[in-house]
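K.L.:
based on what follows, work out the 3D shape:
(one chain, ligands or ions: 1)
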Amino acid sequence: MIFLKRIDAIGFKSFAEEIKLDFDYSMTGIVGPNGSGKSNINDAIMWALGEQSYKTLRGDSMEDIVFSGSSERKALNLAEVTLVFDNSNRNFSSLDFNEVSITRKYFRSTKESEYYINNSRVRLKDIQDVALETGLTKSSLAIISQGSISNFVESKPEDRRKLFDEAAGVARYKKRKDEAIRKLSRTQDNLDRINDIINEIERKLPSLKKQSKKAIEYNEAFNELKSIEVSVLLSDIKFYGSKIEELENEKVNLKTEMELLQKTFHKNNIEYNQLINTSESNDKDLSKLNKEFTKVVEKISELKVAKITLESKKENINIDDSEYKVSEIKHKAKSLEIEIDSEEGRLASLLKEKHEKKILLDNLSAERYKLNNEQEYLSKVISKLEIQIENMIAKKNSLENLFDGVKNVLENKNILPGVEGTVSEFIKVKPEHEVALSTALQNNMQNIIVKNTNSVKVAIEFLKSNNGGYATFLPLDTLRANYINEETKFIIKKTNGFIGFGNELAIIDKKFKIVLDYLLSNYLIVDSFENAVNISKITNSKFHVITLDGQRILPYGAIVGGSKKNKSINLFDTSKLEELQKEKDHNNEKVINLQSKIVSLSESIDIQREHHNEIQASIATSKKTSESLEKELNKIKNEFRILTGKDLTNDEVEFKSVDEQLIKLMEQISLENNNKAKIEQDINVIRSLKDQGTQKQNDLFKKLEVDRNMLSVLKEKMLTINSDRNLLKEKEFNAKNRLAQDYNLTLENALKIKETIIENESVVREKIKELRAKINSLGNVNIDSIEEYENENSRYETYLSQSNEISESIKNLKDAIVDMDHQMVEQFKKIISDVNKVLPETFATLFGGGTASIIYTEPNDILNTGIDLKLSPPGKKISNLNLLSGGEKSMVALSVLFSILKVRPIPLVILDEVEAPLDIANVERFAKYIKTFVNNTQFLIVTHRIGTMENCDKLFGATMEQKGITKIVQIKLVDAKKITNSN
Ligand SMILES: Nc1ncnc2c1ncn2[C@@H]1O[C@H](COP(=O)(O)OP(=O)(O)OP(=O)(O)O)[C@@H](O)[C@H]1O
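P.N.:
The predicted structure follows:
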């Protein structure tokens, strides 16, 4: 049997000071004046066992259970009640202790309750479990007040049955049944909701299934088409690629051939034009010489006429024959000497001229040798430059330095709208700013300039769908620069060593200016590190400051410096490439100049060589002429010796006036003849040169014609190659475009797809047509429907299984309710029958005779039936229970209560003034009757009645010595009586 050993309470209602009640006895009485706090003990027990209804506790809120203060005491914040039970028989089966204490605390401030079992904090539910085992729970039989006793008879049959429900333990089932019904209703709601969803899905599912089937068919056909067509496109692209490569190679060879031919043609053309010039100048010289020649011939004729006139004049003079002959000889000798002198003079001048020509020729040859060497050296330099340029262009065109994302975007520029190119492609810098601006731009060189944000969107989608990497885009429509304000700019410009703002030093096309401003407007370029530090300080370290050799001071003062390795390749390459190209062009110009100089030098050398040869020939002729004149002079001198017997000396060569005139004339004639010969010689030289020139000119002309024809053939060929190549490029582009547009594939990604081997091209192309037709025949396809169908179907299955589970649990609940109903009926019937067995005896004992029984108001509906009482007090016939007196009503209720206690003993029963309406004799009977239960039940009786007090084992008196504060002390019967009497 569970035995309540002690109650400790403080702060609960009127227990402002701690009260302790030891219940060592089976029947304990509590006495005291009205309002002294007796019933508060019952409340304390109920509250400690977890009572949640403040109304049951006679309050308006839970706060009302805390001591609210009195005229002398302040209100308390905490109410605490502890019940101590004996558990040596382990009546609380789950608690392995000899003593079990249950504590509840309530804090007014937090409005929170705390529960403890044996001082360990527990949940409310743990307390309620223990309370169930005590049988001391709310509305149980354990706590009976005066009100509930008098109500029992007066209440309706349906309310009356509650007591029996409690006793039968049916209340527990009822509670569970209510819960089960609530759960059933909730579950049914759930089922309805799920069935609604199932119906809704069922409506959608067939159409989705149809769409999904169509989409799957489409996907299959599309994937097959994709696999075949991608392979066909790849094989086409491969074919076009190899053909384009062949044509490119052919083009390179053709270009080299054309360049060579053009060089030769150009060279020959210069030579040809120079020959024409030389020929024209020769013609001029010739006509001049011819005029001079005519003049000389005319002069000689005139002189000869004068000589003949003089000779005839002389003939008329009568002179001795021998004298004449001597004179003749003298005259002839004189003229021969003149001729010899003149010939010697001519020879000397020819030798001098030859010497001069030799020196000139040597100089010209030396000059030509030097120029040839120079040309050879320059040609080598040009070849080297060409290789360097080709390498650079190849490297630049290869895109190999670019990040994956950037490379992919640039490679697919044709299908991505609005992509302009990388920053490095457009920005140019002066060589002296190259290092600084490369340092500034190092992270942005590969940013891609695009027209607008839409272009960015398309490009990013493209990169995402091809797993093509990342890139930074600069959309021209939304890009905004963070400009330095004019005032700050003014100060910066005045600072030592400041060279310029990054965006003003770099060069870019006007339409991309915002890119420069965006990237470089906050970069200050300065000459030296010291000045960089200074300018950074002046500007509060707000901007990037970069020195010409690439040292950087970042905003907020960080400094980056070191070697110049970071120089941007692209920027450098651009200016370097231009530099190389310029150098090459400059050297080419030099070579062309040299070539024309060499050609003209060669011309001059040829001409001078001809002159030299002519002079050589003239020298030989002159020597011969001199020799023959000497011979003739010697012959005449001999003739003179024979005629006169003396040697012809110079003194004798004297003439008379006519002779002298003749000699003079002859001298003049000889001089003019020499002159004429000289002119003739010059004419001959020029003529021969002219002939040679004409020959060369004709040869060159023919050669030029041949080369010109050849060039036009080669150009024609180049045009054909270019147009073939462009055609192939277009085809290749179209194929790539189809890869991108039809299959959203870059070439790179397409190559990763396993290729279908094409054995028979026409069969494959036929298959492509077939698949296309199939795809077209499918019409509008909703690809998402595959996933949608799968999702909806799986949702359908999930809900279906949930619906089945819920239906199953509804069935279980219904079964459980039926089971509970059955249990309740059985147990209810049992308690009624058990009580009916003892009730007549109890009734007779308390009433001193008579009989009583319990009857069902609805015997056919035991679950809902009310309970009525059939009573026969001794000597009375009762037709209506309401006709009983107050005391009788209490006695009837107590009979029923005690009958129940007999058949269903309860460990602890609290009776609160239940015997108040009874007369002294009945109180006596009542108290005595209680005594018959004490073996199974512990009684706590709040009473004002002496009869009851006399039968109690122990009495406690409740007083309010201090106003409003209950004090409880054990008292003797005599004192109890005193208290009662004084009431
Ligand atoms: N929160 C509270 N703080 C202080 N006193 C309280 C509080 N709640 C109730 N009381 C006091 O408790 C008393 C009521 O006690 P109780 O009902 O136990 O009296 P009783 O002895 O059973 O009286 P009766 O014999 O008339 O039934 C009242 O005086 C009331 O003012």
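
K.L.:
tell me which residue in the stretch 201-350 of the chain sits closest to the ligand.
P.N.:
Going by C-beta to the nearest ligand atom, the ligand is nearest to residue 201 of the stretch 201-350 of the chain, at 59.6 Å. Bear in mind the C-beta positions are built from the backbone N, C-alpha and C, glycine included.

K.L.:
how about the secondary structure of that residue?
P.N.:
What DSSP: H, G, I helix; E, B strand; the rest coil gives for residue 201 is helix.

K.L.:
surely it touches residue 799?
P.N.:
Yes: counting by C-beta atoms under 8 Å, residue 799 is a contact partner of residue 201 at 6.9 Å.

K.L.:
give me the common contacts of these two.
P.N.:
Common neighbours of residue 201 and residue 799 are not found (criterion: C-beta atoms under 8 Å, 6 or more residues apart in numbering).

K.L.:
neighbour-wise, which of the two wins?
P.N.:
Between residue 201 and residue 799, residue 799 has the larger neighbour count (other C-beta atoms under 10 Å), namely 20 against 17.

K.L.:
helix or strand for the more buried one, which one?
P.N.:
For residue 799, the host element (DSSP states H and E) is helix 784-847.

K.L.:
which helices and strands does that helix pack with?
P.N.:
If you count contacts as 3 or more C-beta pairs under 8 Å, 6 or more residues apart in numbering; DSSP states H and E, helix 784-847 packs onto helix 157-168, helix 170-315, strand 851-856, helix 886-903, helix 920-931.

K.L.:
how about residues contacting the first one?
P.N.:
Translated: helix 157-168. Helix 157-168 has contacts (C-beta under 8 Å, 6+ apart) with 139-141, 152, 170-171, 174, 824, 827-828, 830-832, 835, 854, 857, 864-868, 896, 900, 903-904.

K.L.:
still on that earlier bit, now for the residue of the stretch 201-350 of the chain closest to the ligand: which residues touch it?
P.N.:
Residues in contact with residue 201, defined by C-beta under 8 Å, 6+ apart, are 792, 795-796, 799.

K.L.:
not counting its neighbours along the chain, what's nearest the residue nearest the centre of the chain?
P.N.:
With distances taken as C-alpha atoms, centre = their mean, residue 470 lies nearest the centre of the chain, 6.0 Å away. Spatial nearest neighbour of residue 470, excluding adjacent residues (C-beta to C-beta, 6 or more residues apart in numbering): residue 405 at 4.4 Å.

K.L.:
again, but for residue 888
P.N.:
Closest residue in space to residue 888, ignoring its immediate chain neighbours: residue 873 at 6.9 Å, by C-beta to C-beta, 6+ apart.

K.L.:
mean pLDDT per helix and strand in the protein: which one sits at the bottom?
P.N.:
Every helix and strand in the chain was compared by mean pLDDT, DSSP states H and E; the lowest is helix 973-982, with a mean of 80.

K.L.:
can you get me a residue count around the residue nearest to residue 470?
P.N.:
Quick note: residue 405 (other C-beta under 10 Å) scores 19 neighbours.

K.L.:
any idea how far the ligand is from it?
P.N.:
78 Å (C-beta to the nearest ligand atom, to the nearest Å).

K.L.:
also residue 525?
P.N.:
Going from residue 525 to the ligand by C-beta to the nearest ligand atom gives 86 Å.

K.L.:
sec struct for that residue, please.
P.N.:
From three-state DSSP, the assignment for residue 525 is strand.

K.L.:
correct me if wrong: it contacts residue 436.
P.N.:
Yes: at 4.8 Å, residue 525 and residue 436 qualify as touching, with contact defined as C-beta under 8 Å.

K.L.:
between those two, which contacts overlap?
P.N.:
Listed as contacting both residue 525 and residue 436 by C-beta under 8 Å, 6+ apart are 499, 502, 505, 546-548.

K.L.:
any idea which of the residues you listed has the most stuff around it?
P.N.:
Among the shared contacts of residue 525 and residue 436, the one with the most neighbours (other C-beta under 10 Å) is residue 546, at 27 neighbours.

K.L.:
mean confidence for the strand or helix carrying it?
P.N.:
Secondary structure from DSSP H and E places residue 546 in strand 544-547. Mean pLDDT, strand 544-547: 94.

K.L.:
stretch 383-403 too?
P.N.:
Average pLDDT, stretch 383-403: 72.

K.L.:
quick one, strands of the stretch 501-650 of the chain?
P.N.:
Here the stretch 501-650 of the chain has its strands, by DSSP state E, counting those that start in this stretch, at 523-526, 544-547, 552-553, 559-560.
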